[in-house]
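A.B. asks: okay, sequence plus prediction incoming.
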Amino acid sequence: MPAPMPSATGALSSPSHSTSSRAVLSLLTSLFFTWGFITVINNTLLPHLRSVFDLNYTQTTLIESVWFIAYFFASIPSARLIERIGYQKSMVFGLCMMAVGALLMIPAARLPSYGVTLVALFVIACGITLLQVSANPYVAVLGSPETASSRLNLVQAFNSLGATLAPLFGAYLILGRSSSGTAEAGHVLTQAEKLADAQAVQLPYLIVAAVLVILALVIARFKMPAMHHSATSRVSDTERAKLSLWKHRNLVFGIPAIFIYLIAEIGVANLFINFTGQPEIGGLSHEQGAHYLFLLWGGMLVGRFVGAWAMNKTSAERVLAFCAIGAFIVMMIAALGTGSLAMWALISVGLFHSVMFPTIFTLGIKGLGPLTEEGAGLLIMAIAGGALVVVQGWLADTVGLQLSFLLTAACELYVLFYAVWGSKATNAFADEQVG
């Protein structure tokens, strides 16, 4: 049997060979790893650019905002491109787009230019959006509906593996090779040091571009099963037009849940290194802080494996509620505590954040039936919530970096609301099982 693949409308056909299914899923796993790795390189890049360009926290977080704005603008065009040229060619196109963006970081570093840096990161993020639009809903429906959250958490664990390794890569090749990364807190860079630091990002992004091109070539040559409509599982276009996404409570509240969760996740990750450098917290250099950031993302890796196991024992809603409560508690400690207690509280939030995105996503599309593709597209578009990390940057400039994490704590409360009430499906269609 051919492995299930999205059709032009996102429908999946039944698999015919389990080995083909596993091969395709393994290929998707490599993509999850890749975009997790590249996304988190930004967390080591931001404090570096802050020193090079003399940015305040608002300007620094604006860099990440541009990254997530790409999800808003690129999600719908990505869906249309997949429909036009197919799933496999779209993956290759997305990886090539990411490689172009990575190569743009080289002239951005040589100039150096804050504006060109923003353009380069936007291009990379558009490529990642194209990959995300198909991969997440595909994994969610590939198997039993009851284990969809468990399955997506398991695959997302490899996204976290990439995210866990990225800070070490960034610490060694960016922060470890720059004056801003190794200098003591409070050191003011000379103009020569700034120019040298800017050029330190050329080698890492050249390596990233090379890896992306190789992966694109592998996928282009991979014999992926052809996509086709699954007519028995879909309704006619006329009947579909009568259906409304907005009658499904789990989707209506799931879209802001992902939007708000991304504010929390990205705010923590982007400001983590600066937080550990505060004298009253850890007084660490940027390079030292990057190694602790490794533990934050490592917590997300462990949490997703544990979450995948737990969701085979109890409901996804209960696991999500437990994690939301835990995240709220540790964020309050991070915002109001001092010293190592506050620092380790912020590190531990990765463990609680781990299951949130994949679980909210699968709960959001549950019971949508023929509306699954549209619902999934809106949930992916909600990743643009990460762009509002600039609000936390503004709070950090206004009330202080540590107190800005009260915004993160408030975000956890909405996730708790979604787990307890908002995720309950209404007007649900019978769940389909593929694979």
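C.D. replies: Great, that's in hand. Computed from a predicted structure; not experimentally measured. Numbers count the residues shown, from 1 in each chain.
A.B. asks: checking residue 314 next. Helix, strand or coil?
C.D. replies: Following DSSP: H, G, I helix; E, B strand; the rest coil, residue 314 is assigned to coil.
A.B. asks: what does residue 425 give?
C.D. replies: Remark: residue 425 carries the secondary structure label coil [criterion: three-state DSSP].
A.B. asks: which residue ranges of the stretch 201-350 of the chain form helices?
C.D. replies: Using DSSP state H, counting those that start in this stretch, the helices of the stretch 201-350 of the chain run over 202-221, 237-241, 249-276, 286-310, 316-336, 339-353.
A.B. asks: surely residue 397 is within a helix?
C.D. replies: Yes. Assessed with three-state DSSP, residue 397 lies in a helix.
A.B. asks: picking that back up, tell me which of the helices of the stretch 201-350 of the chain lies nearest to residue 75.
C.D. replies: Taking C-beta to C-beta, helix 249-276 is the member of the helices of the stretch 201-350 of the chain nearest to residue 75, at 11.9 Å. Backbone N, C-alpha and C define where each C-beta goes, glycine included.
A.B. asks: in that closest one, what's buried?
C.D. replies: 249-255, 257-276 (16 or more other C-beta atoms under 10 Å).
A.B. asks: check stretch 48-65 too.
C.D. replies: 48-53, 55, 57-65.
A.B. asks: lowest confidence element among the helices and strands of this protein?
C.D. replies: Least confident helix or strand of the chain, by mean pLDDT, DSSP states H and E, is helix 179-182 with a mean of 56.
A.B. asks: so residue 204 is in contact with residue 172, correct?
C.D. replies: No. When contacts are counted by C-beta atoms under 8 Å, residue 204 is not listed as touching residue 172 (9.0 Å).
A.B. asks: these two: which has the busier surroundings?
C.D. replies: residue 204 (21 against 16; other C-beta atoms under 10 Å).
A.B. asks: quick one, what contacts the more buried one?
C.D. replies: 41, 169, 170, 173, 174 (C-beta atoms under 8 Å, 6 or more residues apart in numbering).
A.B. asks: and the last one, how far from residue 49?
C.D. replies: Plainly put, residue 174 is 10 Å away from residue 49 if you go by C-beta to C-beta, to the nearest Å.
A.B. asks: and if you look at the first one?
C.D. replies: Distance check for residue 41 against residue 49: by C-beta to C-beta, it reads 12 Å.
A.B. asks: was I right to think residue 268 contacts residue 296?
C.D. replies: Yes. In terms of C-beta under 8 Å, residue 268 counts as a neighbour of residue 296; the distance is 7.3 Å.
A.B. asks: between the two, which contacts overlap?
C.D. replies: In terms of C-beta under 8 Å, 6+ apart, residue 268 and residue 296 are both contacted by the residues 346, 349, 350.
A.B. asks: who wins for neighbours among the residues you listed?
C.D. replies: Of all the shared contacts of residue 268 and residue 296, the most densely surrounded is residue 349 (30 neighbours; neighbours counted as other C-beta under 10 Å).
A.B. asks: separation between the nearest residue to residue 350 once chain neighbours are set aside and residue 286?
C.D. replies: Residue nearest to residue 350 in three dimensions, not counting chain neighbours: residue 299, with 3.3 Å by C-beta to C-beta, 6 or more residues apart in numbering. According to C-beta to C-beta, residue 299 and residue 286 sit 20 Å apart.
A.B. asks: if you count surrounding residues, which of the two has more?
C.D. replies: The residue with more neighbours, out of residue 299 and residue 286, is residue 286; 28 against 20, by other C-beta under 10 Å.
A.B. asks: now, among the buried residues of stretch 48-65, which is nearest to residue 391?
C.D. replies: residue 61 (8.2 Å).
A.B. asks: and for stretch 99-110, what's in contact with it?
C.D. replies: Under C-beta under 8 Å, 6+ apart, the answer for stretch 99-110 is 38, 113, 116-117, 119-127, 198-202, 205-206, 208-209, 212-213, 216.
A.B. asks: generate a ChimeraX selection restricted to the buried subset of those residues.
C.D. replies: Buried subset of those, written as a ChimeraX selection, criterion 16+ other C-beta under 10 Å:
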select :38,116,117,120,121,122,123,124,125,126,127,198,199,200,201,202,205,208,209,212,213,216
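A.B. asks: average pLDDT across stretch 322-340?
C.D. replies: Averaged across stretch 322-340, pLDDT comes to 97.
A.B. asks: send me that stretch as CSV with only the CA atoms.
C.D. replies: The C-alpha coordinates for stretch 322-340 follow below in CSV (Å, rounded to 0.1, in the frame of the first residue of the first chain):
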residue,chain,number,x,y,z
PHE,A,322,-1.3,19.8,34.5
CYS,A,323,1.4,21.3,32.3
ALA,A,324,-0.4,24.7,32.2
ILE,A,325,-0.6,24.8,36.0
GLY,A,326,3.1,23.8,36.4
ALA,A,327,4.2,26.4,33.8
PHE,A,328,2.2,29.2,35.6
ILE,A,329,3.9,28.3,39.0
VAL,A,330,7.4,28.3,37.7
MET,A,331,6.9,31.5,35.7
MET,A,332,5.7,33.3,38.8
ILE,A,333,8.9,32.2,40.6
ALA,A,334,11.0,33.3,37.6
ALA,A,335,9.3,36.8,37.6
LEU,A,336,9.4,37.4,41.3
GLY,A,337,12.3,35.3,42.6
THR,A,338,16.0,36.0,42.6
GLY,A,339,19.3,34.1,42.0
SER,A,340,19.5,30.5,41.0
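A.B. asks: residues of it that come out buried?
C.D. replies: Residues 322-324, 326-335, 337 are the ones in stretch 322-340 that count as buried (16+ other C-beta under 10 Å).
A.B. asks: what pLDDT does the closest residue to residue 333 other than its chain neighbours get?
C.D. replies: Once flanking residues are discounted, residue 333 sits nearest to residue 345: 3.9 Å by C-beta to C-beta, 6+ apart. Note on residue 345: pLDDT of 97.
A.B. asks: just use 43 as the starting number from now, easier for me
C.D. replies: All set: I'll call the first residue 43, so the last point we hit is now residue 387.
A.B. asks: any idea how far residue 387 is from residue 126?
C.D. replies: 47 Å.
A.B. asks: and what of residue 470?
C.D. replies: 31 Å.
A.B. asks: who has more neighbours out of those two?
C.D. replies: When residue 470 and residue 126 are compared for neighbours, residue 470 comes out ahead with 15 against 10, by other C-beta under 10 Å.
A.B. asks: quick one: contacts for the more buried one?
C.D. replies: Per C-beta under 8 Å, 6+ apart, neighbours of residue 470: 290, 408, 409, 410, 411.
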